[in-house]
Structures are given as C-alpha cells and as structure tokens.
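In: For reference, the sequence and a predicted model appear below.
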Amino acid sequence: MTTAVKLPTTESRIHVVDQAFDVEKIRGDFPILSRDVRGKKLVYLDNAATSQKPKAVIDALSRYYEEGNANVHRGVHFLSEHATGEHERARRTVQKFINAAHSNEIVFVRGTTEAINLVAQSYGRAHVEAGDEVLITGMEHHSDIVPWQLLCDEKKAKLRVAPINDKGELVLSEFEKLLSPRTKIVAVAHVSNALGTVNPLAKIVELAHAKNIPVLVDGAQAVPHMKVDVRALDCDFYAFSSHKMFGPMGVGILYGKNDLLEAMPPYQGGGEMISSVTFEKTLYNKLPFKFEAGTPDVSGAIGLGAAIEYLNGIGMDRIAHYEHELLEYATERLSAVPGVKLIGTAKERAGVISFVLEGVHPHDIGTILDQEGIAVRTGHHCAQPIMHRFGIPATARASFAFYNTKEEVNALVAGILKVKEVFA
Amino acid sequence: MAELRDLYQEVILEHSKAPRNFRELAGANKHAEGYNPLCGDHFTVYLNLEGDAIRDITFQGSGCAISKASASMMTQAVKGKSKEEAQKIFSAFHKLVTAGRANGDKPGLGKLEAFSGVSEFPVRVKCATLAWHTLQAALEGKQEPVSTESE
C-alpha cells in the first residue's frame, strides 16, 4: 500500500532537487541531535509532541536572561524598555510569519490549548446560547474538543462532529450538511496530530463563511511544516504553539481577526489587560493587551521570534518540500514491512505517520524502539475519538521535522523489524 | 538486546500470545475493570469467590504484551488461593516489578519471577500491575474502573 503524499500547501513550488538543503548542516544547529540515547545515536521522531530547539533559540533565551531581563510595559528604566521592545518585535515577527494584517491580531498565550480555551470562553460564551451548535471534526485533538464541551455544557448547546472516512479525511459533504443556522462557530485542525491529514481549509472556510459562521483553526501541527498565510486562508482564528515549531515551551499564539477580537470580552483579568482600574469600573486595554493579563513569558516570546527567524533563514517552502519527500519515503518504506498497517492514509498529509503492527501492541513497539535510541510516541495521542473511529486502542506514531533524514527512516524500519523479531 | 530479553522473556511472550483463562467467567460473582487510557490497556477480571477462596478467575480484554502476560500468569498464580494469599503474592510481585530482585533474594513467585526485568523499565510497571490492581478491585467489590497510570 503506497499512498502518494501531496505537497501540503497550495503555493507554487519549484520542483527541482534542492541541493542547498543541507540537512547535515541543519542538524548541526540542533545540539540535542548529536547526543546518544541508551548507547545509540538518538533518532528523534516525536516532533508532533514537541520539536527540538536550534542553538539560535537556546542562545536567545540565555541572552535575554543574561543581558535583557526585565518586566515589560511598565518600567521607565532602560532594561524594561528594552525587554518591551524585544517582546513587541517578536510579536511583529509572528505577524509577518503568518501574514496577519496587524500585530494587534497576535495574542501571546501559553499554547494552542490556551488559545482555543480563550476563544471558547470569550467569543463562545458571548455568542453561543441554549440550542446553538459548535461544529468540530472527528480528527480533533482533545484540546479542540474539551473546551467546546465545557462551553456547550454551560450553555446547553450541542457539539456536532463532522465524520472522517477510512483514510482519515474529513467527509466534506457531511461537514457541509452539519453547518446549520444554529452553528455559531466551526473549530477544525489544520493538520491532524494523530493521522497527519491536512484538512481542506480553503473549502471549509468558504462553506462556513457562506453561512456567516466563523472558523477557528488549530494550527499546532501545521505551522512547523508549511507556510501558513492566515489572510489567504481567511480563517477567523488560528492557534499554534511555539514548542512544536522549534521555539521554547510555554508560549503560543492566538491569531484573531481584528474586528472579532475587538468585540470580544476579556478572557482573564489582571494587570496588563487594563487601561484604568477603580473599584467601580475598569477600562480594558486595547488589543492585543486586553487578552494578555499578567506578566507574559517574555523570554518565550523572544525565543519564538528567534525560532521564526531561524525558519525564515531556511524558508518554509523548502522545509515543506524536503519533508514531503521524507514523508513519502517513510510511507513507502513502512508500508513495505509485512504486518505494518498505516492509520491515516489521506491524500494530503504532513509530518506524521501513525501505524500499528499486527500482533504487537504499540506500547511494546515503543519500548523496543526506545532501546534502539528511536523516540516515537505510542498511545492515543490525545485523540481518543480517532482511536475509536479506527477500532484500535492506540497507535505508534513517527512524526518528522526538517532535520530528520532518510537514514533515520531506515533506522525506524530496522527497529520495527527488530520488534517483529522479538515477537516472532 | 540483552536488556530487552530481560523484559520480554520467553514465558511472557508466550503468555501474551496465548493467554490462559482468557474468557468471560460464567457464574462469576465478582468482576472489575482495569483501564489505562493513555496506553489503551483495558481488561476485565472475573472471579468466582467462595467465602475467602478464589475458586476460579478469568480475564478478558486487550493490552500490551506485558499487561496481557501479567494478567494471564496472575490468573494461574491466584486460582485456588485465599484472598489473603493472593494479596501476599501481589505484594511480592509489586516489589519485584518495582525494585527488581536483589542478590540472593528469593521472592518465591515461581514463573512470575520472569517479570523481574520490568523494574528496569519504570514506565512499564503500570502495565505489569494493571491486572493485579483490577483483581484487588474485584475482591473489594469496587464499581469504578481502576487505572495504574498515576501510580
């Protein structure tokens, strides 16, 4: 079974061998990749859980704490002014990276999960009423299910789920049918973390907007792999995490269209998000600070900025191109191993191969691969409904980044053969 | 692969492929469910308890090789034993899979000693103990499914 993997963006691309893509040189930028694990060379294939960090990001964090640490937006002193400048520069870097119209549409949060909770609690609570509906898909991560369940429980609204087919693709005709006059928001993954499916966002947004329904996109698994242009997608909200795109943990982004964010009530209260406070009345700060209560993770924002500058230095289109080839190679090699079944064989995929091995539980696969220095994830990948959909308790998942190589895919295949040997 | 063979000993692999007492127990008067959602291991343990004696014990479900073999060998080890004896075996087994076998240590667990390698794989302890905690829950008549993922 060989599945052709289409390029994950619609942008035009130069289909020539990219000789300048020097993966060995790139690997040299990531200190952790040269370490051993259990006496073997580390083969890190758990990038969908978190990515490794280039030296440029690690250095940016150290430099901030060694030379630039101060709280932002409130001091008149040199360091505070400097930290504020760097924090806001990182915001503009993010803005340009996803082609948002204004930097005030970029809200710093803790991660994708918090971004989705923010929209569910702020936009959702203001717009969803009893009997209304929230529409998601059958391939969502728990973080794009549970915040909506909390909202629907509170509001006595209904969570509707658009089904996926046996390949792990959204069934668009069913999705379209589920868009009703009661649907108040659509929330959908750009790329499935458990299956690697790339959703047809342009079509999803078009269908939803035709009925004036806003669309939130969980972009956590897309941003590390492809060029994302929020204005071209025309989505209303786009959420992603720094740590999955080679930046530090603990920081993430909510992009929202200016008019929507402007009309939304605050999510959390505290410092930074106010312009004036009396015991009688508080005036909220302007965007994006209205949604950034409390001291932000300044180092995290600066680190994320450094990660984006690093990615820009390579080029997201070249990354997508390289990864496409790698994923196609991995798909071919793994499919050829007798007993291996791929879970998720969508036409368009990015970053992820989920698989099961006949007669061997994924957990045992994970343990044996680990002995070979190969890091994969096993389990339900925070997407239990997907496991139910395919009638399996768990999968093993290899997830890639642009620093992975065909040699590492070969090591994975050799590891799987070893699993088969143990369980022969 | 020396260490791997410590974990996946022949007897463990054999039980995982052909588990014993692997069926629903007709006439069971106790049963309990064990579920580790993160790994997807999910078992039901059935008991026929006569006073304090485990007259019969079976299990059903799915899970990794370690959890399944542990459940299978547990049913063999505790069948015909009293509650108290079963509890003693579990205590010794728990010690074996968490602390390993000290030099000269004789846990007296027979075939179950094949699980001593689990102690070198701390993340797999929860797999080895799931069926045992489920047995304990069945003996205590607990209704809620048990999990060993926060152990």
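Out: Good, I have the coordinates.

In: Flag every residue of chain B that's near chain A.
Out: Within chain B, the positions near chain A by Cβ under 8 Å from any Cβ of the partner chain are B:1, B:3-4, B:7-8, B:13, B:17, B:37-42, B:62-66, B:68, B:121, B:123-124, B:127. Using the backbone N, CA and C atoms, a C-beta is placed for each residue, glycine as well.

In: Restricted to helices, list these.
Out: B:3-4, B:7, B:13, B:17, B:65-66, B:68, B:127 (DSSP state H).

In: from these, which would you call buried?
Out: Taking 16 or more other Cβ atoms under 10 Å in any protein chain shown as the criterion, what is buried in these is B:4, B:7, B:13, B:65-66, B:68, B:127.

In: Pipe those into a markdown table and attach pLDDT per row.
Out: Listed next are those as a markdown table, based on pLDDT from 0 to 100:
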| residue | pLDDT |
| --- | --- |
| B:Leu4 | 86 |
| B:Leu7 | 92 |
| B:Leu13 | 95 |
| B:Ala65 | 96 |
| B:Ile66 | 96 |
| B:Lys68 | 97 |
| B:Cys127 | 96 |
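
In: And the residues you listed, which two are furthest apart?
Out: Distance extremes for those: the farthest pair is B:Leu4 and B:Lys68 at 17.5 Å, using Cβ to Cβ.

In: Would you tell me what helix or strand residue 107 is located in?
Out: Since no chain was named, I'll use chain A. strand A:106-109 (DSSP states H and E).

In: wait, chain B
Out: Per DSSP H and E, there is no helix or strand for B:Pro107.

In: distance of it from B:Phe93?
Out: Per Cβ to Cβ, to the nearest Å, B:Pro107 is found 8 Å from B:Phe93.

In: between those two, which one's more packed in?
Out: B:Phe93 (23 against 16; other Cβ atoms under 10 Å in any protein chain shown).

In: correct me, but the more buried one touches B:Leu135?
Out: No: under the criterion of Cβ atoms under 8 Å, B:Phe93 makes no contact with B:Leu135, lying 10.7 Å away.

In: Identify the contacts common to those two.
Out: In terms of Cβ atoms under 8 Å, 6 or more residues apart in numbering or on different chains, B:Phe93 and B:Leu135 are both contacted by the residues B:Met74.

In: Go through the ones in helices among the residues of chain B next to chain A and say which is closest to A:Pro338.
Out: Closest approach between these and A:Pro338, by Cβ to Cβ: B:Lys17, at 17.5 Å.

In: residues in contact with that closest one?
Out: So B:Lys17 contacts A:Gly359 (Cβ under 8 Å, 6+ apart).

In: do the one 5 residues further on as well
Out: If a contact means Cβ under 8 Å, 6+ apart, then B:Phe22 has B:58-60, B:72 as its contacts.

In: Among these, which ones are in helices?
Out: Counting by DSSP H, the contacts of B:Phe22 contribute B:Ser72 to helices.

In: Flag every buried residue along stretch A:195-213.
Out: Across stretch A:195-213, burial judged by 16+ other Cβ under 10 Å covers A:195-201, A:204-205, A:207-208, A:213.

In: Can you give the domain ranges for chain A?
Out: Domain segmentation of chain A under automatic domain parsing yields A:23-51+A:316-422, A:58-312.

In: now these in JSON lines, with distance to B:Ile89 and mean pLDDT?
Out: Putting the domains of chain A into JSON lines (distance: least, Cβ to Cβ, whole Å; pLDDT from 0 to 100) gives the following:
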{"stretch": "domain A:23-51+A:316-422", "distance to B:Ile89": "25", "mean pLDDT": "96"}
{"stretch": "domain A:58-312", "distance to B:Ile89": "37", "mean pLDDT": "97"}
